[in-house]
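Asker: whatever this is, show me its structure:
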Amino acid sequence: MNASGLVAGLAVAAVGGLALATAAMLHPAAGIVVLLLGAFVVAQIVTRLRSLEQQAVADLAAHLAAEPTIQGVEVALAALLGEVALAERRARRNEDLRDALFENAPGGVVLVGRGLRVLAANPGIRELLPVVGDPIGRRLGDAVPFEPLVKTIQDALDKGTSTFREARSGRFDLLLRAAPVGGTGAVAVVVDVSPFRRAARARSDFVANVSHELRTPVTSISGYAETLLDHEGLDDDGRVMAEAIHRNARRLTLIFAELLQLARLEAGDEELELEERSIAETLGPLLDEAREVARERRVNIHRSGDALALIHPEAFGRVVGNLLANAVNFSPDGGEVRVVVRPDGEHVWLEIHDRGPGIDPEHIERIFERFFRIDRGRARQYGGTGLGLALVKHLCMRTRAEVSVRSDPGHGATFFVRFPAP
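Answerer: Next up is the predicted model:
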């Protein structure tokens, strides 16, 4: 190798080594936290440094090819080192931005690596959770002895996907969310949702109190309407009006009862106790009741499959009874409702298919909201209150179940309920 080639090789090695050293300044643990906080600009700087390294090699090689002298190498190397120094300053500024975002992030942020060892934790975590001493380098359960956080992160690592749960720590209502990063680590965010929970509880208490106070006068109205209907001297016009009063009073009574049940479900923090039951066996009485109504409109109900699942029998009856009633009510005369039970590993699926008008895509997101109706006329025709699916959603939340819906407008809808397997 001649002198020019040797100098060129040393220059390339120097520039490459400097670029690698600069990139190494961005600690991998800090880089993961950056992903969470949105400071993606740091990654862009690393990419820029690598690009500069490649460009440095190309520029230096071209310069040396044109002017293979020691002076030429010095000029080229000085220019390239100036570019790298500028990139370093930009990287430091973005590291400062990253650190500021991490330190001042709303809520708590904690990053763990292999063996659930804490790699980073921001000051916000101390405001929301018990932290013992300096958490860095220690096992999460020892540094932050809060079991729901440990379980949330462990679930994210086991499942390989984002997980979340709600928990309470002292006076705080918390939302915990964790996601796996880097293959062996995970990052968790802890958010204080106490103001939202207080507002929800206030709304729930108000609804419950109003519903309770109105039940007594509505019951009296319903009773007087029944008395009028039993009166033999009531003329036809009076009877029509008394029947309307009685019908609407009964509907109000049902609405108040369901509002109170919703309020109780929303106020409860604990899951309902679950039992191991056969889905087919538990479905039996519910299907018999639904077939009584379906027979009047020649709607056939078919069931297939069975599996053991963890359910709360009373909540199960309310959930499935409501979904079956909807499927029958929205089916055309002579239609069919299919009920399918399907085991799937850690879960059991219950599917209820109908061939009714279906649900438009814009309504899918709102279908479980209270008082939301797709077809108000048909809902009133069958005595619907607009609260049934809201109750279904909350009962599922309290029993570790999940409910969802899929529909092809004009060709029916399918409601899916996922129960935990034993």
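Asker: how is the protein divided into domains?
Answerer: 3-103, 108-192, 196-267, 275-420 (automatic domain parsing).
Asker: now the longest one: average pLDDT?
Answerer: Averaged across domain 275-420, pLDDT comes to 86.
Asker: straight-line length of it, end to end?
Answerer: Terminal residues of domain 275-420 are spaced 11 Å apart (Cα to Cα, to the nearest Å).
Asker: chain center to that domain: distance?
Answerer: Computed by Cα atoms, centre = their mean, to the nearest Å, the separation of domain 275-420 from the middle of its chain amounts to 22 Å.
Asker: mind putting the domains of the chain into a markdown table with mean neighbour count?
Answerer: Quick note: C-beta positions are derived from backbone N, CA and C, even for glycine. What follows is the domains of the chain, written out as a markdown table (neighbours: other Cβ atoms under 10 Å):
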| stretch | mean neighbour count |
| --- | --- |
| domain 3-103 | 16 |
| domain 108-192 | 18 |
| domain 196-267 | 14 |
| domain 275-420 | 17 |
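Asker: helix, strand, or coil at A167?
Answerer: Counting by DSSP: H, G, I helix; E, B strand; the rest coil, the backbone at A167 sits in strand.
Asker: before we move on, what about V189?
Answerer: Taking three-state DSSP, the label given to V189 is strand.
Asker: is it true that it touches T163?
Answerer: No - in this structure, V189 is not within contact of T163 by Cβ atoms under 8 Å, at 11.7 Å.
Asker: what ranges do the helices span in the protein?
Answerer: 3-24, 28-37, 41-66, 70-103, 124-128, 140-143, 147-159, 194-230, 236-267, 279-296, 313-329, 361-364, 376-381, 388-398 (DSSP state H).
Asker: mean pLDDT for those: which is lowest?
Answerer: That would be helix 3-24, which, of all those, carries the lowest mean pLDDT at a mean of 30.
Asker: how far away is V240 from V341?
Answerer: 46 Å (Cβ to Cβ, to the nearest Å).
Asker: er, L254 I mean
Answerer: 29 Å.
Asker: same check, this time on L174
Answerer: Taken as Cβ to Cβ, the span from L174 to V341 is 36 Å.
Asker: then R406?
Answerer: 17 Å.
Asker: and L262, by the same measure?
Answerer: 27 Å.
Asker: go on, A309?
Answerer: Relative to V341, and taking Cβ to Cβ, A309 is found at 9 Å.
Asker: tell me if I'm right that R342 and V348 touch.
Answerer: Yes - judged on Cβ under 8 Å, R342 makes contact with V348 at a distance of 7.2 Å.
Asker: common neighbours of the two, please.
Answerer: By the contact definition Cβ atoms under 8 Å, 6 or more residues apart in numbering, R342 and V348 are jointly contacted by A307.
Asker: what's the first-to-last distance across stretch 150-166?
Answerer: 13 Å.
Asker: just stretch 295-314 next, same as before
Answerer: Span of stretch 295-314 from end to end, Cα to Cα: 25 Å.
Asker: and if you look at stretch 224-240?
Answerer: 14 Å.
Asker: distance from the chain centre to that stretch, please.
Answerer: That offset, for stretch 224-240, works out to 53 Å (Cα atoms, centre = their mean).
Asker: could you check how far V328 is from V319?
Answerer: 15 Å.
Asker: and what of D360?
Answerer: Distance from D360 to V319, by Cβ to Cβ: 24 Å.
Asker: how about A143?
Answerer: A143 is 41 Å from V319, by Cβ to Cβ.
Asker: please apply the same query to E258.
Answerer: On the measure of Cβ to Cβ, E258 and V319 end up 13 Å apart.
Asker: what's the answer for L387, then?
Answerer: According to Cβ to Cβ, L387 stands 13 Å off from V319.
Asker: which ones are touching A413?
Answerer: Counted by Cβ under 8 Å, 6+ apart, A413 has contacts F330, H353, D354, G356, G358, I359, V405, R406, S407.
Asker: if we use 7 Å, what do you get?
Answerer: D354, G356, G358, I359, V405, S407 (Cβ atoms under 7 Å, 6 or more residues apart in numbering).
Asker: what's the span of stretch 331-351, first residue to last?
Answerer: 16 Å.
Asker: P313 is in contact with L274, isn't it?
Answerer: No - P313 lies out of contact with L274 (Cβ atoms under 7 Å); the separation is 9.4 Å.
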